[in-house]
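Asker: sequence-free structure coming up:
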DNA sequence: TAGTGGTCTAGACCACGGC
DNA sequence: CCGTGGTCTAGACCACTAC
């Protein structure tokens, strides 16, 4: 297989398109390993930098996933515009190249006494998470779910992306999503948790998720994050 | 200036952090050009691949912007979590490495007869845009603004990012944002515009933006996009 | 024309994962 | 141990921008 060096299209773009054709063919399924960098170099008669450039583009676009010491794997065959950017902060952060951690601090069934959830069930599955980047507090979240959700996720680590869980693993059929963001002032507890001063601005996000087959909301979500929080505090550099 | 080669921290990460320190110092302001790749190679005694890796990371994270033939420029000194991912589809698409175009098809003042806008003004500034990726229809948008907005943006090309305009250029003080997404079926007109079949699923997003000093909404926004629209249609490959 | 970033090669050694 | 991707070098030529 050869690429056209007379074209003024960069080799790594041509190679990227070739790889894309391959991974979209029926011969491959999601999770399959693609050719190694060495093999691609031989197959297409190009240098390693070219191969890596092509692969990195496809990783950035979500088609491939690299694992050091193992190989490069097909992550998805079609990239679609969906709920990901709306539902997953992890997704948005990852897109910016930021790694972060979520720590679950509370997890339990509670009585449904929180009217704002709009969930129609006597009991609710509830958990709270702290989010950090490089150990610095980013914000904290409260999740309220239909009680059946606890069963669905019994084997899932709730410190991972909940957006990914809902969209990619459970593939819940979302019918409706409502999101509200307002600016509020930090109270004492919030100021402590997020290492701010009382009265500092917080972005307060509320989200209601409606899933097919459920009356009322399926999930209610709250997230508070300082406005303009720096992901790379000067003292880390 | 030298980097520590005994550390097990990659050189390009060390270099990236060094550049970041420089960017954030008071000697530089946003828009300034940083050292060229050649200069960085000399200054830090590293190869070009290392320099480019470091710079690419910072571009991905939004700190720098490269311009072929000119240089590399400071885009921002602090990266913050804000409304960008919520307000700007362009932003999300760019983060995925996708380039796209917005075409304004209607632009005019209209009577405020659309109750859903929640804008309190007798007249409204209105425009519609078609969004495409590689010439393929992605979705279309309707914008309703407080009439004063038309004056503010008289010199701005409305085919560029409206989210960027609101957040970075006008710096409108957002107080509240409400967003609703539902799944609807495409009607005939929508099917034609988006090259779909009547009855296909559409994501229908509505957004209300409240800005300090304005009673009622400042902006109302509608966006319809096919669910699972492929950004890289097979026939392009 | 000079200087910038964009692309590309051929090579090297390292770190990680699985056998 | 071997094969994978991760990092890095020293060079080359091209494409674009500004003067």
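Answerer: Received it, and whenever you're ready, just let me know what you need. What you see is a predicted model; the values in this text were computed from it and never measured.
Asker: Quick one: name the residues of chain A near DNA strand C.
Answerer: Residues of chain A found near DNA strand C (CB under 7 Å from any atom of the strand) are A:10-13, A:45-50, A:53, A:67-70. Heads up, the C-betas are built off the backbone N, CA and C, glycines and all.
Asker: Any of those residues buried? List them.
Answerer: Buried subset of the residues of chain A next to DNA strand C (neighbour count, 16 or more other CB atoms under 10 Å in any protein chain shown): A:11, A:12, A:46, A:50, A:53.
Asker: filter the residues of chain A next to DNA strand C by proximity to DNA strand D?
Answerer: Of the residues of chain A next to DNA strand C, the ones that also sit near DNA strand D (CB under 7 Å from any atom of the strand) are A:48, A:49, A:67, A:68, A:69, A:70.
Asker: Show the contacting residues for the first one.
Answerer: The one in question is residue A:48. By CB atoms under 8 Å, 6 or more residues apart in numbering or on different chains, the residues touching residue A:48 are A:37, A:41.
Asker: With the second one instead?
Answerer: Shown in contact with residue A:49 (CB under 8 Å, 6+ apart): residue B:49.
Asker: Need the three-state assignment for it.
Answerer: helix (DSSP: H, G, I helix; E, B strand; the rest coil).
Asker: Residue A:37 versus that one, what's the distance?
Answerer: Separation of residue A:49 from residue A:37 (CB to CB, to the nearest Å) stands at 10 Å.
Asker: what do you get for the fourth one?
Answerer: Per CB to CB, residue A:68 is found 12 Å from residue A:37.
Asker: ok so, going back, so can I have TSV of the ones next to DNA strand D among the residues of chain A next to DNA strand C showing pLDDT?
Answerer: Shown next, in TSV, are these (pLDDT from 0 to 100):
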residue	pLDDT
A:48	93
A:49	93
A:67	91
A:68	89
A:69	90
A:70	93
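Asker: Let me know the closest of the residues you listed to residue A:142.
Answerer: Each of those was checked against residue A:142 using CB to CB; the closest is residue A:67, at 33.5 Å.
Asker: Up against DNA strand D, what does chain A have?
Answerer: A:8, A:34, A:36-39, A:48-49, A:52, A:66-72.
Asker: between the residues you listed, which is nearest chain B?
Answerer: residue A:49 (7.4 Å; CB to the nearest CB).
Asker: which residues of chain A fall in strands?
Answerer: Assigned by DSSP state E, the strands in chain A fall at A:64-67, A:71-74, A:101-111, A:123-133, A:136-145, A:174-185, A:201-211, A:219-226.
Asker: quick one: which of these is nearest residue A:192?
Answerer: strand A:136-145 (9.8 Å).
Asker: any low-confidence regions in chain A?
Answerer: In the predicted model, chain A carries pLDDT under 70 at residues A:1-2, A:77-100, A:133-136, A:168, A:227-237.
Asker: care to break it down by domain?
Answerer: A:11-74, A:84-236 (automatic domain parsing).
Asker: State the distance from residue A:157 to chain B.
Answerer: To chain B, residue A:157 is 23 Å away according to CB to the nearest CB, to the nearest Å.
Asker: ditto for residue A:196
Answerer: 14 Å.
Asker: Spit out the contact partners of the closest residue to that residue other than its chain neighbours.
Answerer: Spatially, and ignoring its direct neighbours in sequence, residue A:196 is nearest to residue A:186 (5.2 Å; CB to CB, 6 or more residues apart in numbering or on different chains). Residue A:186 makes contact with A:194, A:196, A:197, A:198, A:199, A:200, A:201, A:202, A:226 under the criterion CB under 8 Å, 6+ apart.
Asker: cutoff 6 Å now
Answerer: A:196, A:198, A:200, A:202 (CB atoms under 6 Å, 6 or more residues apart in numbering or on different chains).
Asker: if I look at residue A:184, how far off is chain B?
Answerer: Counting by CB to the nearest CB, the gap from residue A:184 to chain B is 10 Å.
Asker: beta partners of the closest residue to that residue other than its chain neighbours?
Answerer: Nearest non-adjacent residue to residue A:184, counting by CB to CB, 6+ apart: residue A:204, 4.6 Å away. Residue A:204 has these beta-bridge partners by DSSP bridges: residue A:182, residue A:224.
Asker: now do the one 5 residues further on
Answerer: Taking DSSP bridges as the rule, residue A:209 bridges to residue A:177, residue A:219.
Asker: To what extent is it buried, counted in neighbours?
Answerer: Residues near residue A:209, counting by other CB atoms under 10 Å in any protein chain shown, number 26.
Asker: What residues does it make contact with?
Answerer: Contacts of residue A:209 by CB under 6 Å, 6+ apart are A:177, A:218, A:219.
Asker: Apply 10 Å and report the result again.
Answerer: With contacts taken as CB atoms under 10 Å, 6 or more residues apart in numbering or on different chains, residue A:209 has the following neighbours: A:83, A:86-87, A:118-119, A:145-146, A:166, A:172, A:174-179, A:217-221, B:181.
Asker: And these, which of them are buried?
Answerer: A:83, A:86-87, A:118-119, A:145-146, A:166, A:172, A:174, A:176-179, A:217-221, B:181.
Asker: can I assume residue A:56 is in contact with residue A:15?
Answerer: No: the criterion here is CB atoms under 10 Å, and residue A:56 misses it with residue A:15 at 11.4 Å.
Asker: which residues are in contact with both of those two?
Answerer: Counting by CB under 10 Å, 6+ apart, nothing touches both residue A:56 and residue A:15.
Asker: Pick out whichever of the two has more residues nearby.
Answerer: Per other CB under 10 Å, whichever of residue A:56 and residue A:15 has more neighbours is residue A:15, with 23 against 16.
Asker: returning to what we had before: list only buried entries from the contacts of residue A:186.
Answerer: A:196, A:202.
Asker: would you list the contacts of residue A:186 in CSV and tack on distance to residue A:130?
Answerer: As requested, these are arranged in CSV below (distance: CB to CB, whole Å):
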residue, distance to residue A:130
A:196, 14
A:198, 19
A:200, 17
A:202, 14
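Asker: Tell me which two of the contacts of residue A:186 sit farthest apart.
Answerer: Within those, two members stand farthest from each other by CB to CB: A:198 and A:202, at 11.0 Å.
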